[in-house]
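1. attaching a predicted model along with its sequence, questions to come.
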Amino acid sequence: MRIATWNINNVRTRLPLLLAWLNATQPDVVALQELKTTTEQFPRAELEAAGYGCMVVGQKTWNGVALLARGTEPLAVRTALPGDSRDTQARYLEAAVHGMLVSSLYLPNGNPWPGPKFDYKLAWCERLVSHAEELMASGHPVALVGDFNVVPTDADIYSPKNWLDNALLQPEPRAAYARLLKQGWTDALRTVYPKEQVFTFWDFRRNRWQRDAGLRIDHLLLSKALKKKLKGAGVDRSMRGIEGASDHAPAWVELAQP
């Protein structure tokens, strides 16, 4: 059972890359972020033709999240992160699929720091930590996956000194991520690669892909019920090097079948 997450950075523009990757790797569940399209304009027909059921929360121009399930339809549980009914940004969904509860989340970037966007990021972090605690307490098999827009530690970035004024490295979101781990969530990539530098994002600017100047901000967190099924995890780095690629590469976790 393979669960993957990919900040696709415009699903309609990069649909050919997405379809080629799905055909090559055949993940069972895929969480997509930064769709940059409305729910109505999401390329559902093309993905269904590729064998994937879709759950989508889109938004014009920015944001947007989706879940794809191979050979089945995701059963919707939530289409927004609880805790603030005024928040209309399309950043979270949750569905039952293949006997698990899986999220696709797109945590706010928070730049420029400091400022209102960073305040929104911290409030969103608090809501996520609160909801994650409830999910963990349920005892269900849950995977919280997506673009967290948090570099957990200095080991997760090529050079911290170049990002000291960036919202992704500030102490508060890092502390929120650490609180998730204290709840019992397993960081799949860090568990499989405890000492190696594993990146999922390379900025388009300053030749950062060519220099392998990357960051790890896309994460796959497993509940206690799924931790014992962890078999492997990785990043499909080659997708970042293709012409017209997203600035993120797909990250994935392999779980033992029930």
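-> Structure's in. What do you need?
2. give me the contacts around stretch 35-42.
-> With Cβ atoms under 8 Å, 6 or more residues apart in numbering as the contact definition, stretch 35-42 has outside contacts at 8-13, 54, 56-66, 90. Every C-beta, even on glycine, is put in place using the N, C-alpha and C of the backbone.
3. how about a cut-off of 10 Å?
-> The contact list for stretch 35-42 (Cβ atoms under 10 Å, 6 or more residues apart in numbering) reads 7-15, 32, 43, 54-66, 79, 90, 104, 106.
4. separate out the buried members of those residues.
-> Listed as buried from these are 7-9, 11, 14, 32, 43, 54-59, 63-66, 90, 104, 106; burial here means 16 or more other Cβ atoms under 10 Å.
5. just these: which are in strands?
-> Secondary-structure check on those using DSSP state E: residues within strands are 7, 32, 54, 55, 56, 57, 65, 66, 104, 106.
6. could these be laid out in a markdown table, adding distance to residue 86 and pLDDT?
-> Formatted as a markdown table, those follow (distance: Cβ to Cβ, whole Å; pLDDT from 0 to 100):
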| residue | distance to residue 86 | pLDDT |
| --- | --- | --- |
| 7 | 25 | 98 |
| 32 | 25 | 98 |
| 54 | 27 | 98 |
| 55 | 23 | 98 |
| 56 | 22 | 98 |
| 57 | 16 | 98 |
| 65 | 19 | 98 |
| 66 | 23 | 98 |
| 104 | 21 | 98 |
| 106 | 18 | 98 |
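7. ok, those residues vs residue 144, which is closest?
-> Relative to residue 144, the closest of these is residue 104; by Cβ to Cβ it sits at 9.4 Å.
8. low-confidence stretches in the stretch 151-258 of the chain?
-> In the predicted model, the stretch 151-258 of the chain carries pLDDT under 70 at residues 258.
9. tell me where it has strands.
-> 186-187, 218-222, 230-235, 251-255 (DSSP state E, counting those that start in this stretch).
10. looking at those, which is buried most?
-> Comparing those by mean neighbour count (mean count of other Cβ atoms under 10 Å), strand 218-222 comes out on top with a mean of 27.
11. keeping just the C-alphas, turn that one into PDB.
-> The C-alpha trace of strand 218-222 is given here as PDB (Å, rounded to 0.1, in the frame of the first residue of the first chain):
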ATOM      1  CA  ASP A 218       6.300  17.700   2.500                       C
ATOM      2  CA  HIS A 219       5.600  15.200   5.200                       C
ATOM      3  CA  LEU A 220       3.900  11.900   5.800                       C
ATOM      4  CA  LEU A 221       2.800  11.400   9.400                       C
ATOM      5  CA  LEU A 222       1.500   8.000  10.500                       C
END
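12. change the start of the numbering to 2 and stick with it
-> All set: I'll call the first residue 2, so the last point we hit is now strand 219-223.
13. OK, contacts around the residue of the chain positioned farthest from its centre?
-> Going by Cα atoms, centre = their mean, the residue of the chain most distant from its centre is residue 162, 24.8 Å out. For residue 162, the contact set (Cβ under 10 Å, 6+ apart) comprises residue 155.
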